[in-house]
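Visitor: No letters, just coordinates:
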Ligand code: PGA
């Protein structure tokens with residue numbers, strides 16, 4: 001059984017005080033949560049404070065990006081080691097907003113993944129097609145390119161430490177969610193790719209999160225899909241009520257749950 005992950009991607013929201021207040025309010029609401037890993041990804045400026053506020057809880061901290069070097073002349077960048085120093089255990093890599101806003105390439109994603117793994121972080125590697133690519137029936141081609149590019153050169157042992165997030169760009173921040181079946185089809189395609197590159201056993205342990213307008217109202221249907229191992233949540237992760245409702249999604253209907 002793959003352990004689900006619910007991760008909140010705060011993007012460029014929340015000053016330090018707001019971020020700490022959020023974690024203080026979230027702690028008791030997820031304290032009983034044994035069914036999944038809970039992760040929040042604040043902006044860089046709030047990472048250390050959020051980590052201090054989350055200490056001793058079951059809330060883990062993620063960054064939203066990193067550089068591929070350990071240190072160097074890279075103005076404005078932050079290294080994986082610096083993220084570990086700030087208390088992070090995860091880092092989101094290759095989010096579509098970074099690919100679009102900053103022209104991040106699959107090769108850069110790959111270098112970041114390797115650097116994050118070397119620093120001991122769990123990379124959450126994002127892939128997903130644009131609306132035009134889906135309408136051109138090119139979703140599989142895009143997933144192939146991004147998956148193979150992002151994971152190139154990893155050993156099976158390294159790959160087994162990463163998480164993949166399938167985030168169709170047309171569903172991000174639009175209120176338009178992929179149907180559970182549509183998401184599931186892409187997840188199955190990604191697992192097949194993982195199997196071809198790293199073997200069936202490693203692929204069956206890969207956690208693949210869905211991202212794109214996840215809300216308390218649709219998380220149950222998504223998590224009921226055997227192929228969906230959690231969610232990367234943007235907008236709905238900014239409010240404690242909606243994020244805790246997503247973390248505590250209705251269970252009993254997930255794949256593999258005992259029916260006896
Ligand atoms: P959204 O963002 O939930 O606001 O659609 C998801 C993401 O970009 O990770």
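Guide: Noted; the coordinates are in hand. Because the structure is predicted, anything quoted here is derived from the model rather than measured.
Visitor: Quick check: residue 74 touching residue 67?
Guide: Yes - at 5.4 Å, residue 74 counts as touching residue 67 under the criterion of CB atoms under 8 Å. Using the backbone N, CA and C atoms, a C-beta is placed for each residue, glycine as well.
Visitor: Give me the more crowded residue out of the two.
Guide: A direct count of neighbours by other CB atoms under 10 Å for residue 74 and residue 67 places residue 67 higher, at 20 against 11.
Visitor: list the contacts for that one?
Guide: 74, 77-80, 112, 115 (CB atoms under 8 Å, 6 or more residues apart in numbering).
Visitor: quick one: it from the ligand, how far?
Guide: 20 Å (CB to the nearest ligand atom, to the nearest Å).
Visitor: Now that residue: closest residue in space, sequence neighbours ignored.
Guide: Nearest residue to residue 67, sequence neighbours excluded (CB to CB, 6 or more residues apart in numbering): residue 77, at 3.9 Å.
Visitor: Likewise for residue 171?
Guide: residue 212 (2.8 Å).
Visitor: wait, what's in contact with whatever residue of the chain ends up closest to the ligand?
Guide: Per CB to the nearest ligand atom, residue 234 is where the chain lies closest to the ligand, at 2.2 Å. Neighbouring residues of residue 234 by CB under 8 Å, 6+ apart: 9, 11, 172-173, 211, 214.
Visitor: same check, this time on residue 41
Guide: Listed by CB under 8 Å, 6+ apart, the contact partners of residue 41 are 7-10, 61-64, 90, 92.
Visitor: Just the buried ones out of the contacts of residue 234, please.
Guide: 9, 11, 172, 211, 214 (16 or more other CB atoms under 10 Å).
Visitor: And the helices in this protein, which stretches?
Guide: Here the chain has its helices, by DSSP state H, at 16-30, 47-54, 80-85, 96-102, 106-118, 131-135, 139-151, 156-159, 180-198, 200-205, 219-223, 240-247.
Visitor: now for the second one, which elements pack on it?
Guide: Helix 47-54 is packed against helix 16-30, strand 59-63, with contacts defined by 3 or more CB pairs under 8 Å, 6 or more residues apart in numbering; DSSP states H and E.
Visitor: Same question for the shortest one.
Guide: In this structure, helix 156-159 makes packing contacts with helix 180-198, judged by 3+ CB pairs under 8 Å, 6+ apart.
Visitor: do the helix it packs on and the ligand meet?
Guide: No - contact of helix 180-198 with the ligand (CB under 6 Å from any ligand atom) is absent, the minimum separation being 12.7 Å.
Visitor: Widest-spaced pair of the buried ones among the contacts of residue 234?
Guide: Spatial extent of the buried ones among the contacts of residue 234 (CB to CB) is set by the pair 11 and 214 at 14.0 Å.
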